[in-house]
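S.K.: any chance you could fold what I've pasted below:
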Amino acid sequence: MKITYDKIADAVYLTLKKGRVAKTLEAGEDFMVDQNRQGEVLGIEILNASKHLEARHARPHITIGNRSFPLSVMVA
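M.R.: I've put the predicted structure just below:
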């Protein structure tokens, strides 16, 4: 899994599997899910990430359950 954060867009993208995106589904406010033709989830995008994720650490991260993952920060 690869997690990236775009500061300018304030968006987090979780890449779960490589492949070509065939469809993007809205999974709730600010949550988008990318799927391939077979319906497998390739990635999840969280828009307005600062609203949904904690920023307690100096280094950007996302917490899933009790695990914390550092984010790669993209500079556009």
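
S.K.: against residue 47, how distant is the residue nearest the centre of the chain?
M.R.: Centroid-nearest residue in the chain, with CA atoms, centre = their mean: residue 13, separated by 2.4 Å. Residue 13 sits 10 Å away from residue 47, going by CB to CB, to the nearest Å. Quick note: C-beta positions are derived from backbone N, CA and C, even for glycine.

S.K.: likewise for residue 10?
M.R.: 7 Å.

S.K.: now residue 38
M.R.: With CB to CB as the criterion, residue 38 and residue 47 are 25 Å apart.

S.K.: residue 17 too?
M.R.: Residue 17 is 21 Å from residue 47, by CB to CB.

S.K.: now do the helices in the protein.
M.R.: All helices of the chain, identified by DSSP state H, fall at 49-52.

S.K.: residue contacts, the residue nearest to residue 51 when sequence neighbours are not counted?
M.R.: In this structure, residue 51 finds its nearest non-sequential neighbour in residue 30, 7.2 Å apart by CB to CB, 6 or more residues apart in numbering. Residues in contact with residue 30, defined by CB atoms under 8 Å, 6 or more residues apart in numbering, are 46-48, 51-52.

S.K.: put the buried members of these into a ChimeraX selection.
M.R.: In ChimeraX, this line selects whichever of these come out buried by 16 or more other CB atoms under 10 Å:
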select :46
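
S.K.: out of the contacts of residue 30, which one has the weakest pLDDT?
M.R.: On pLDDT alone, residue 52 ranks lowest of the contacts of residue 30, at 78.

S.K.: separation between the closest residue to residue 37 other than its chain neighbours and residue 42?
M.R.: With sequence-adjacent residues excluded and distances taken as CB to CB, 6+ apart, residue 37 is closest to residue 22, at 4.5 Å. Using CB to CB, residue 22 is found at 9 Å from residue 42.
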